[in-house]
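[1] Sharing a model prediction with you, sequence too.
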Amino acid sequence: MKSTKYLIYLAVFSLLFSSACTDDDALDPTPIATNCKPIKFTDEEGVSLITYNQDKITSLKTQYYGIVTIEYHTSGATNGKPSKLTFSAGDQGAGHLEYTYNPQGKVSSSLFTSQELSEMLGGSFQSNFEYNGSGQISKVSRVIVFAGEPGEAPTAYPVGYSTYEYNAKGNVTLVKDYDDGESTPTTVNEITYDDKINATAQVENLLIGIPGLPPASPNNALTSVMKEGGTVNKSESYTNTYVYNSGGYPTKITRTPQQGTPNVTSIEYSCQ
């Protein structure tokens, strides 16, 4: 199960986000950069595009997820919040991500279904969310849901959970992953940040129901060290370096793993 979780996690981050810190105005595509929205990501995997209607993301286009369309609630405590993301024409096949909210308007659960998941697992991923006193996601429990026979209820099998800790700025600094029923984490991930704007936070918030994707942070990750049983996983641990535009938005991200090949992501914006 762990390999499936990280397959999904890496697919999202390799196509949409990376994250750290140098200034280089010579490469600055937006000399006067304020209220910038990312519209294009380019890396070795291809090009990802984001479309907006005013300030809301209406669609994404990536190699892995294909064309992603987003539906929003239009009334009540969930007004303006995403209700369903539909995936088509991507490597993972057709699928969808649906959100359920509690009376306070916070995500209480999500259901992620795709052709790839169905072929690999025979079911869908459900994530259940818990919050700390500050209203931040503190724990996400995950189950695989298998459809029942006609007239029978679906069957759910717990597969594990993740916990999250934050710094004073609201950045996720510690992620612990556990197998179901265990009190010792299988992996521990420590993350440090810069003080610049994380331009991909809106996208990350839309995809929080994807298994393995942590809550969005307001700043950009500088280092990430993942340990398994006290041993550093060098291929999953990395340092990020950035080129920023004049508004402090990252336009180029170089992710260098402790073991492996660096990956460079370029970001283009629409700025006001």
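    Sure thing, it's come through. Numbering: from 1, shown residues only.

[2] which is the next helix or strand following the longest strand along the chain?
    Counting residues, the longest strand found in the chain (DSSP state E) is strand 155-166. Heading C-terminal from strand 155-166, the first helix or strand you meet, by DSSP states H and E, is strand 172-178.

[3] need the helices for this protein, in chain order.
    For the chain, applying DSSP state H gives helices covering 2-15, 115-121, 201-206.

[4] And for Lys61, the neighbour number?
    Burial of Lys61, expressed as a neighbour count using other Cβ atoms under 10 Å, amounts to 18. C-betas here are computed from N, CA, C, even on glycine.

[5] My guess is it contacts Val68. True?
    Yes - the criterion here is Cβ atoms under 8 Å, and Lys61 meets it with Val68 at 7.2 Å.

[6] any idea of the pLDDT on Pro154?
    pLDDT, Pro154: 84.

[7] oh sorry, the question was meant for Lys40
    Model confidence at Lys40 (pLDDT) stands at 96.

[8] residues near it, how many?
    Using other Cβ under 10 Å, Lys40 is surrounded by 14 other residues.

[9] Gly66 versus the nearest residue to it once chain neighbours are set aside, what's the distance?
    Distances taken as Cβ to Cβ, 6 or more residues apart in numbering place Glu268 nearest to Lys40, at 4.1 Å, with adjacent residues excluded. Using Cβ to Cβ, to the nearest Å, one gets 20 Å for the distance from Glu268 to Gly66.

[10] same check, this time on Thr265
    19 Å.

[11] and what of Gln258?
    Taken as Cβ to Cβ, the span from Gln258 to Gly66 is 32 Å.

[12] ditto for Asn53
    From Asn53 to Gly66 the distance is 20 Å (Cβ to Cβ).

[13] Between these two, which is the more surrounded one?
    The neighbour comparison of Asn53 against Gly66 (other Cβ under 10 Å) goes to Gly66, with 18 against 10.

[14] Can you check the pLDDT for that one?
    On the pLDDT scale, Gly66 gets 90.

[15] That one reaches Gly95, doesn't it?
    No - using Cβ under 8 Å, Gly66 is not in contact with Gly95; the gap is 9.2 Å.

[16] Can you get me a residue count around Ala94?
    Ala94 has 15 neighbouring residues, counting by other Cβ under 10 Å.

[17] The residue nearest to Lys40 and Lys37 touch, don't they?
    No - assessed by Cβ under 8 Å, Glu268 is found out of contact with Lys37, at 10.2 Å.
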